[in-house]
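>>> got a structure for you, letters missing:
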């Protein structure tokens, strides 16, 4: 029988990798000796390429919440695709077309059309979905304990997750950025957005100073991103949102059911309409959705919500459509006048609260919340996120998020330069790559032949590297954080309980 793999709700944290997962067995006995290179290569395929033909057996029995893994994985893929679209099209000065509304300044492209734009520039929509999912999953176990009035176990649970949280989020980032930074000096790589120091020793010093400030929760100065991994800004936000969730769960744990729900709603209102805490609002909305689902499973929903059950199909299909529309909010800059002049956004622009500086996060809050609420209640969509491919993406999603940037800035930049996507910087520093495999930019915007061909190499390589990081960096980080916490606990003495040591 296949090894049972744990999901996001089984482990209590959406990032906790399912370390027991392994490719489905082909049913053949394991050979202790490989008699040829051909067998060696064949035997290693399931570990390098988990979606190969040898692993396409029937899906394991899935949990009711497996769709969250798939949704998270598909969102990570959208982030990958969004960044590649913008990077390549910098050379033709077309990036604003992707992030502007359809028809803005009389530019009409399918890639910017409502709904379709999600698959070309849906990165911010995807990151917002990450945050709502995080709020949901971080709350699942604590809320279950609150419902059962297991307050001592609640304290143990939050103590454990809070202790491990920084390590779980930042250890993989430390390893990936350190190796990426080191590659500049070992291989002499030129990277367009990097400013290497004169020596590796100086680079390590610079990397350390920048990382320690970036990873400090209460840091209020400097840049909000890490120059060694620009995309890691969301990891810092993830940690902040996690602290918000742990505090809320403890503060609301003794409240009555309805009082706790109203406090969550009040907190969402505060973070979105009073203070510019859009990310905290996303996390708390995930907590709210989690509690609603837990109550629904026990037939304990508030009466006002329970009355809506017969119409849930109608309601959530419309919420999905609205989510996709709002998820495509124009995001070139934070100028509300530009939003107001965008087709389909004039009246919606007046809904933006004064507290939110960057308007896109207000609309993305609603988009992500409605998406996470809708998926489990729309059968065909839930089945899609439970497919093997989406589940695989979910398993490697953290690794994919960490490595897709360095791959894009190194290998990706060179392949795009070879097929004709280059600027003056590439012409000066990558002259041997310029137009070595020049292809026509034919096809719709975002699907040009010269853009797609590099992904024959880039996509499988990025997925493979994400798999490597997941197995050799991410999973060990999870195990290390758990091991460290367990070993720092006081040892139990028979008949007495735990004592300090």
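Perfect, thanks for sending it. As the structure is a computational prediction, the values presented were derived from the model and not from experiment.

>>> all helices of the stretch 151-300 of the chain, in order?
151-186, 200-214, 233-252, 257-269, 278-297 (DSSP state H, counting those that start in this stretch).

>>> for the ones you listed, which one sits closest to residue 430?
Nearest to residue 430, of all the helices of the stretch 151-300 of the chain, is helix 151-186, at 14.6 Å by C-beta to C-beta. Just so you know, the C-beta spots here come from the backbone N, C-alpha and C atoms, and that holds for glycine as well.

>>> any regions of the stretch 51-200 of the chain where pLDDT drops low?
51-61 (pLDDT under 70).

>>> change it to 50
52-59 (pLDDT under 50).

>>> which of the helices of the stretch 151-300 of the chain sits closest to residue 486?
Closest among those, using C-beta to C-beta: helix 151-186, at 9.0 Å.

>>> which stretches of the protein have low pLDDT?
Where the chain drops to pLDDT under 50, the residues are 1-37, 39-41, 43-44, 47-48, 52-59.

>>> let's see it at 90
1-65, 193, 219-225, 303-310, 334, 491-501 (pLDDT under 90).

>>> show me where it has strands.
For the chain, the strands defined by DSSP state E cover 492-493, 497-498.

>>> can you give me the buried ones in stretch 157-164?
By neighbour count on 16 or more other C-beta atoms under 10 Å, the buried set for stretch 157-164 is 157-158, 160-164.

>>> closest one of the residues you listed to residue 134?
residue 161 (11.7 Å).

>>> wait, the closest one sits on residue 246?
Yes: using C-beta atoms under 8 Å, residue 161 is in contact with residue 246, at 7.2 Å.

>>> which residues are common contacts for the two?
Counting by C-beta atoms under 8 Å, 6 or more residues apart in numbering, the residues touching both residue 161 and residue 246 are residue 138.

>>> count of neighbours near residue 392?
Residue 392: 20 surrounding residues under other C-beta atoms under 10 Å.

>>> measure it to residue 399 for me?
Between residue 392 and residue 399 the distance is 12 Å, computed by C-beta to C-beta, to the nearest Å.

>>> ok, back up a step: what would the helices of the stretch 151-300 of the chain look like in TSV with distance to residue 338?
Shown next, in TSV, are the helices of the stretch 151-300 of the chain (distance: least, C-beta to C-beta, whole Å):
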stretch	distance to residue 338
helix 151-186	33
helix 200-214	30
helix 233-252	23
helix 257-269	27
helix 278-297	19
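
>>> so which of the ones you listed comes closest to residue 88?
Nearest to residue 88 among the helices of the stretch 151-300 of the chain is helix 151-186 (20.4 Å), distances taken as C-beta to C-beta.

>>> between the closest one and helix 233-252, how many degrees?
Counting by axes from the mean of the first three to the mean of the last three C-alpha atoms, to 10 degrees, helix 151-186 lies at 170 degrees to helix 233-252.

>>> how many other residues sit next to residue 96?
16.

>>> mind listing what it touches?
Counting by C-beta under 8 Å, 6+ apart, residue 96 has contacts residue 332.

>>> the same query, at a cut-off of 10 Å, please.
86, 89, 104-105, 107, 112, 330, 332-333 (C-beta atoms under 10 Å, 6 or more residues apart in numbering).

>>> one step back: so for residue 222, which of the helices of the stretch 151-300 of the chain sits nearest?
Across the helices of the stretch 151-300 of the chain, closest to residue 222 is helix 200-214 (C-beta to C-beta), at 5.6 Å.

>>> where's the closest one relative to the chain centroid, distance-wise?
25 Å (C-alpha atoms, centre = their mean, to the nearest Å).

>>> also stretch 100-107?
28 Å.

>>> quick check: buried residues in that stretch?
For stretch 100-107, by 16+ other C-beta under 10 Å, it's 100-102, 104.

>>> so which of the residues you listed are in helices?
Nothing among these maps onto helices, per DSSP state H.

>>> ok, of the residues you listed, which one's closest to residue 303?
Residue 303 has its nearest neighbour among the buried residues of stretch 100-107 in residue 101, at 40.9 Å by C-beta to C-beta.

>>> can you give me phi and psi for the nearest residue to the closest one once chain neighbours are set aside?
In space, residue 101 comes closest to residue 342 once its chain neighbours are excluded; the distance is 3.4 Å by C-beta to C-beta, 6 or more residues apart in numbering. Phi and psi for residue 342, reported as degrees, to the nearest 10, are phi -90, psi 140.

>>> look up how far residue 158 lies from residue 342.
Distance from residue 342 to residue 158, by C-beta to C-beta: 43 Å.

>>> coming back round to it: check the contacts of residue 96 and tell me the two furthest apart.
Greatest spatial distance among the contacts of residue 96 (C-beta to C-beta): 86 and 105, at 18.1 Å.

>>> that's all I had, so thanks and see you.
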